[in-house]
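Colleague: Next input, structure requested:
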Amino acid sequence: MPKPLSELARNARVELGKAIVGHTDALESLFLTIVCGGHALIEGVPGLGKTLAVRSLARILRVGFRRVQCTPDLMPADVTGSNVLNMASSDFRLHQGPIFTDLLLVDEINRMPPRTQAALLEAMEERQVTIDGTAHPLSPLFTVVATQNPVEFEGTYPLPEAELDRFAVKIRIGYPEEDDERSILARHHAGLDANPDAGIDAGSIRPDDLAAAREEASRVRVEPALLGYIAALARRTRDWPAIALGASPRAAVHLMQIAKAVAATEGRDYLLPDDVKRMAPAVLRHRLIVRAEADLEGVTSDQVIADVLASVPVPK
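Modeller: Next up is the predicted model:
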């Protein structure tokens, strides 16, 4: 019998702690996004363990994992694959690219040229890729986790709004706390090898647990008043004075889905306003475009989200 989502979350938290020190909230947001079938964008400077976290989570959940290291000369076929002539049979055979997996890590996505970035749009929305006019379905568990460096701009291509909106969440990872950094040093001093996730035990999680967890999260009850609350949050961002582009209907859907997963991880079959508030920054921050004049004054999307949450009445 598949494990409940609350138990799956506890197992993932414990096993991730064997490879990653700190970043608890960011790792939980990543786990919840995968449970919901959404895609995640992780932003942080190099050396914080972004790639290790995604690789470790794939190992814990026992899903297929492949990685694309983005460069300015990466072509769409390098990601999706292409039809290759079989000299023996004189016909074309599909050579599958790394996109044919369960969990795809797109490392430094903003180093990928726009044409190749566009190759991900169909896959992220429809979970299929079209190669030479033929549609090829992807895994039902297909999830994109992309990383980007927020301080490097040379040789990069900013993601367009259409692609940003396909990411359910944007997770920001900062430098570790002092105690966490000491723990990292202690682990390496004690002889941590080049494969720090080697100690992870994924034996307690079966391949069908993730599919069952998605089904459990989808069954979480949402009262009509909470549907109105989520819609009101999204609509309020669209007429906020400091915002040039507000949240889309897709953003509201993602917010509801991930908030439902939060409720399920806490063993509840009903949604609370606090679940929505908890995930609103991660779901909305990359979808809001701050007006130039507000940006010059130091206004950030996270500040706007906090103000919007404070301005929309919470249903009783």
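Colleague: for residue 73, what are its contacts?
Modeller: Contacts for residue 73 were tallied using Cβ atoms under 8 Å, 6 or more residues apart in numbering; they are residue 113. (Each C-beta comes from the backbone N, C-alpha and C, glycine too.)
Colleague: and residue 171, which of the three is it?
Modeller: Of the three states, residue 171 takes strand under DSSP: H, G, I helix; E, B strand; the rest coil.
Colleague: what's across from it in the sheet?
Modeller: residue 42 (DSSP bridges).
Colleague: Tell me how far it lies from residue 162.
Modeller: When Cβ to Cβ, to the nearest Å is applied, the distance between residue 171 and residue 162 equals 20 Å.
Colleague: With neighbour numbers in mind, choose between the two.
Modeller: A direct count of neighbours by other Cβ atoms under 10 Å for residue 171 and residue 162 places residue 171 higher, at 26 against 12.
Colleague: Report the contact partners of that one.
Modeller: Contacts of residue 171 (Cβ under 8 Å, 6+ apart): 26, 29, 30, 40, 41, 42, 43, 282.
Colleague: Between those, which sits nearest residue 12?
Modeller: residue 30 (9.7 Å; Cβ to Cβ).
Colleague: need the contact list for that closest one.
Modeller: If you count contacts by Cβ under 8 Å, 6+ apart, then residue 30 has 40, 42, 53, 54, 57, 145, 169, 171 around it.
Colleague: Now flag whichever of these is closest to residue 84.
Modeller: For the contacts of residue 30, the nearest to residue 84 is residue 145 (28.0 Å; Cβ to Cβ).
Colleague: circling back: for the contacts of residue 30, pick the one with the most neighbours.
Modeller: Counting neighbours by other Cβ under 10 Å, residue 145 leads these with 29 neighbours.
Colleague: Near residue 77, how many residues? Count them for me, please.
Modeller: Residue 77 has 14 nearby residues by other Cβ under 10 Å.
Colleague: does it really touch residue 98, like I thought?
Modeller: No - using Cβ atoms under 8 Å, residue 77 makes no contact with residue 98, being 11.2 Å away.
Colleague: hey, where'd the helices end up in the stretch 201-316 of the chain?
Modeller: Listed in chain order, the helices of the stretch 201-316 of the chain (DSSP state H, counting those that start in this stretch) span 207-218, 224-238, 249-265, 273-284, 292-296, 301-311.
Colleague: ranking these by mean pLDDT, which is last?
Modeller: Note on the helices of the stretch 201-316 of the chain: lowest mean pLDDT is at helix 207-218, with a mean of 85.
Colleague: how far away is the residue most central in space within the chain from residue 50?
Modeller: Note on the chain: the residue nearest the mean C-alpha position is residue 40, at 1.4 Å, using Cα atoms, centre = their mean. In this view, residue 40 and residue 50 are 11 Å apart by Cβ to Cβ.
Colleague: isn't there a strand covering residue 100?
Modeller: No - read with three-state DSSP, residue 100 is coil and lies in no strand.
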